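Asker: requesting a structural model of the entry that follows:
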Amino acid sequence: MSLPVVQHYSDVLCIWAYVAHVRLEEATRKFDDKVAFAMHFVPVFPDAIGKLEKGWAGRGGIDAYGDHVEKVASGFPHVTLHADVWHKTRPTSSLAAHHFLKAVSLSEGADVPLRQSNYYRATWALRQAFFAEGRDISAWQVQAAVAEELGLPLAPIEAHIRSGAAIAALGADTKLAEENKISGSPTFLMNAGRQILYGNVGYRLIEANLNELLRAPNSDDASWC
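Answerer: The predicted structure follows:
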């Protein structure tokens, strides 16, 4: 019998996904033998500089956004924020990091449980590299350095990038996010789209939804009318 699938969508440059990672970590730790977690990317910062220059034009620009990120992070003592984030270190696009991470995923196959995968490890490592260490994760040199720090061989990762397979996998994520009407980062989607948890959602609510999913994984309760 196959496990129910829970999809998780995020953007690696999203501060809310960074602070909420601890909840994904706890959910996968507690439920990874009962639920198949699938991690996908949604492009919130495809053109990070353009997005922030336009969106924060009347509010102080990118530096003001950096101040906003600092304020958000200050409310979550379990995370660290480097002073350079968005002030000096300004990644051009999250797509570059997502592309790299899809190549990491392809290099290890599809049968590895999410929490045990290099894909999961590398995603968190890139988030830490940006938010905690102030490194530009849109740059290949930083991505390659993070892979080496994790002990991941670069050759198969580069091969999937050069072949186009990684960009195809990233395109599939974008299409899936559009089909499921994912509005932002982070988002949990489960029960064939009936249960959607978006944004700064507490762990107890996530856990309650997972328990309900497991209580009746094939239920048609939502369509009883």
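
Asker: where does the protein have low pLDDT?
Answerer: 1, 217-225 (pLDDT under 70).

Asker: check which helices and strands the host helix or strand of Tyr65 is in contact with.
Answerer: If you go by DSSP states H and E, Tyr65 is part of helix 61-74. When contacts are defined as 3 or more C-beta pairs under 8 Å, 6 or more residues apart in numbering; DSSP states H and E, helix 61-74 sits against helix 15-31, helix 48-55. No exception for glycine: its C-beta is placed from N, CA and C like everyone else's.

Asker: quick check: which of the ones you listed is nearest to Asn211?
Answerer: Asn211 lies closest to helix 15-31 among those, at 8.8 Å (C-beta to C-beta).

Asker: orientation of that closest one relative to helix 61-74 in degrees?
Answerer: Angle, helix 15-31 to helix 61-74, by axes from the mean of the first three to the mean of the last three C-alpha atoms, to 10 degrees: 30 degrees.

Asker: what sits up against helix 15-31?
Answerer: 6, 8, 10-11, 37, 69, 72-73, 76, 78-79, 114-115, 120, 124, 127, 131, 185-186, 199-203, 206-207, 210, 214 (C-beta atoms under 8 Å, 6 or more residues apart in numbering).

Asker: again with stretch 3-12
Answerer: Contacts for stretch 3-12 (C-beta under 8 Å, 6+ apart): 17, 24, 27, 31, 34-45, 94, 97-98, 101, 123, 126-127, 130, 137, 176-177, 180, 182, 185-191, 210, 213-214, 217.

Asker: show the end-to-end separation of it, please.
Answerer: 27 Å (C-alpha to C-alpha, to the nearest Å).

Asker: buried sites along it?
Answerer: Pro4, Val6, Gln7, His8, Tyr9, Ser10, Asp11, Val12 (16 or more other C-beta atoms under 10 Å).

Asker: same question for stretch 133-145.
Answerer: Within stretch 133-145, the residues scored as buried using 16+ other C-beta under 10 Å are Glu133, Gly134, Arg135, Asp136, Ile137, Ser138, Val142, Gln143.

Asker: now, those residues that are in helices?
Answerer: Secondary structure from DSSP state H places Val142, Gln143 of the buried residues of stretch 133-145 in helices.

Asker: closest one of the buried residues of stretch 133-145 to Arg90?
Answerer: Asp136 (7.5 Å).

Asker: now that closest one: how far from His68?
Answerer: In this view, Asp136 and His68 are 19 Å apart by C-beta to C-beta, to the nearest Å.

Asker: show me where this structure has its helices.
Answerer: Using DSSP H, helices in the chain cover 15-31, 48-55, 61-74, 94-106, 118-131, 140-149, 154-163, 165-179, 203-215.

Asker: could you say which one of the ones you listed comes nearest to Asp84?
Answerer: Here helix 61-74 is closest among the helices of the chain (C-beta to C-beta), at 8.8 Å.
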